[in-house]
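> the sequence and its predicted three-dimensional model are supplied below.
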Amino acid sequence: MSAVRAARGRVLVVGAGPAGAAAALAAAARGAEVTVVERAFAGGNAVAHSLLPSKVRIAAARDLAAAAGWGAPAGVAAGGVLAHLRWRREAARAALEARLAQAGVTLRSGAALRFEGPGRAHVAAPGGEREVAFDAAVVATGSAARLPAGLRPDGRRVLLSRDLATLADLPARAVVVGAGPTGVEIASLLSLAGAGVTLVGRGRELLPGEDAALTADLGASLAARGVEMRLGREAQAYEPGEEGVTVVLAGGERLRADALFVATGRRGETEGLGLDRLGTAPDGAGYLAVDGRGATSAPGLFAAGDVTGPPLVANKAARQGAVAGAWAARSAGGRADPEPPRLDPSTLPVAVFAQPEYARVGAVPGREGYEVVEGDDREGLRPHVSGLLGWSARLRLAVDGEGRVAGAALLGDGAAEGILALAAAVAWRMPLARLGDLVPVVPSAGEALAALVADGI
């Protein structure tokens, strides 16, 4: 991308997670004077509480389970995992701070912000309070857990995904409420660690809206590790106590466990920002509506990341942040890029880091009227597929009437890696036959993916 340097207009970015950091760097690259206000530290919730901590613990559980399968001694001190997590978190924070500083961005951490009116914001930090003037602003404050009425997390019996960052010992028996990506990842992590798990979901499928054939296989894999499913069942009451927690389902069934993980959805983090003073407001779930530039209904105000609504994934946040930052720099007085960055939601890959992994891009196979072409190795007949994409590798492609790839879903170890090649095929509407012509390195995960494509063709 060729950036056109702008006059030094003032861009204010609220939040330093994936969206905010990308917005700040994009605006600074176009010559804007950029200030980032973050209530915690660089990296935001993604580094401190959600993305990085959960994926470190998932990777640790997966690696330990694999090692046990090869005869290695079972178990590892929880303190070792948490120490590694703290190191990774600090390394990520320091790297991002250095990158922002190198770009000339001013970072104000540990600060709270409230908009006072167009072009004016009040910032309160431990070192004092000050007014900040701006020509354009990007709201990238992320999202927070949406909890059932009357339920409060306590870090011991009632837990959120963010508690994985500090939880010394995983519970021996847990109930996970919510069968979306977060709930499925937590259930998978706990089962890999040897915990007894019951997964509760209001819908009748895991990962509602995704490829039903592959999510059914994922559910079967979880069940084979002992995860009990209560799908199509709503949790109606929660009874935490000193010895554990009881979840009461519709129909009266009572589930008792050492701990409850709540993954019942999220809301945009917009409360207290004073957005009404800029002439806009979030919807009932706290999300801000934006257009393809990231612009809100208020002049000069942009938004990016989770605060704009689903899908709540880091890759969307980072790309949307780069787009919003570029347009904010232009709004602050700069010129447009000859080729401005953009985000095409139809080519955004998503992944669920369960065991096995699920990933999808574009049209959902089996749900949107496209022909479904499938490559299947659930029986593990090809060692080069089974060894690299897991013992249950399965690919489903959505193909349009002209024989072009419109979507893809993949289930198996490494699916989050393999989906990018399929995202390129979707973005370029590659003919299915042409996708089958690609020659991979041998041996590689690409070889496994090519084998599945060939199986479908």
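Nice, thanks for sending it over.
> hey, where'd the helices end up in the stretch 351-457 of the chain?
383-389, 415-427, 432-435, 445-456 (DSSP state H, counting those that start in this stretch).
> any regions of the stretch 251-400 of the chain where pLDDT drops low?
Applying pLDDT under 70 to the stretch 251-400 of the chain flags the ranges 334-336, 377-392.
> and the strands in it?
254-257, 259-262, 266-268, 301-303, 350-352, 358-362, 371-377, 393-399 (DSSP state E, counting those that start in this stretch).
> and the fifth one, what other elements does it pack with?
Meaning strand 350-352. helix 181-192, strand 358-362, helix 415-427 (3 or more Cβ pairs under 8 Å, 6 or more residues apart in numbering; DSSP states H and E). Every C-beta, even on glycine, is put in place using the N, C-alpha and C of the backbone.
> can you check the third one too?
Secondary structure elements in contact with strand 266-268, counted by 3+ Cβ pairs under 8 Å, 6+ apart, are strand 143-145.
> partners of the strand it packs on, with directions?
strand 266-268 (antiparallel) (DSSP bridges).
> spatially central residue for this structure, please.
Nearest residue to the geometric centre of the chain (Cα atoms, centre = their mean): Val313, 2.9 Å.
> roughly how far does that residue sit from Ala193?
Note on Val313: its distance to Ala193, by Cβ to Cβ, to the nearest Å, is 24 Å.
> the longest helix in this protein is where?
Ordering each helix of the chain by length in residues (DSSP state H) puts helix 78-102 first.
> next one: it to chain centre, how far?
Helix 78-102 has its C-alpha centroid displaced from the chain centroid by 19 Å (Cα atoms, centre = their mean, to the nearest Å).
> repeat for stretch 127-137
Worked out by Cα atoms, centre = their mean, stretch 127-137 lies 30 Å from the chain centre.
> output it as PDB, nothing but the C-alphas.
Only the C-alpha atoms of stretch 127-137 are listed here, as PDB (Å, rounded to 0.1, in the frame of the first residue of the first chain):
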ATOM      1  CA  GLY A 127      -0.700  11.600  37.000                       C
ATOM      2  CA  GLY A 128      -3.500  14.200  36.700                       C
ATOM      3  CA  GLU A 129      -6.400  15.300  34.400                       C
ATOM      4  CA  ARG A 130      -6.200  17.200  31.100                       C
ATOM      5  CA  GLU A 131      -8.200  18.200  28.100                       C
ATOM      6  CA  VAL A 132      -7.300  16.800  24.700                       C
ATOM      7  CA  ALA A 133      -8.200  18.500  21.500                       C
ATOM      8  CA  PHE A 134      -8.600  16.500  18.300                       C
ATOM      9  CA  ASP A 135      -9.700  16.800  14.700                       C
ATOM     10  CA  ALA A 136     -10.800  13.200  14.300                       C
ATOM     11  CA  ALA A 137     -11.200  10.300  16.700                       C
END
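> could you list the buried residues of it?
Val132, Phe134, Asp135, Ala136, Ala137 (16 or more other Cβ atoms under 10 Å).
> hey, what's the first one bridged with?
Partner residues in beta bridges with Val132, using DSSP bridges, are Ala121.
> could you check how far it is from Ala32?
14 Å.
> count the neighbours of the closest residue to Val47 other than its chain neighbours for me.
Nearest non-adjacent residue to Val47, counting by Cβ to Cβ, 6 or more residues apart in numbering: Ala92, 4.9 Å away. By the measure other Cβ atoms under 10 Å, the count of residues near Ala92 is 17.
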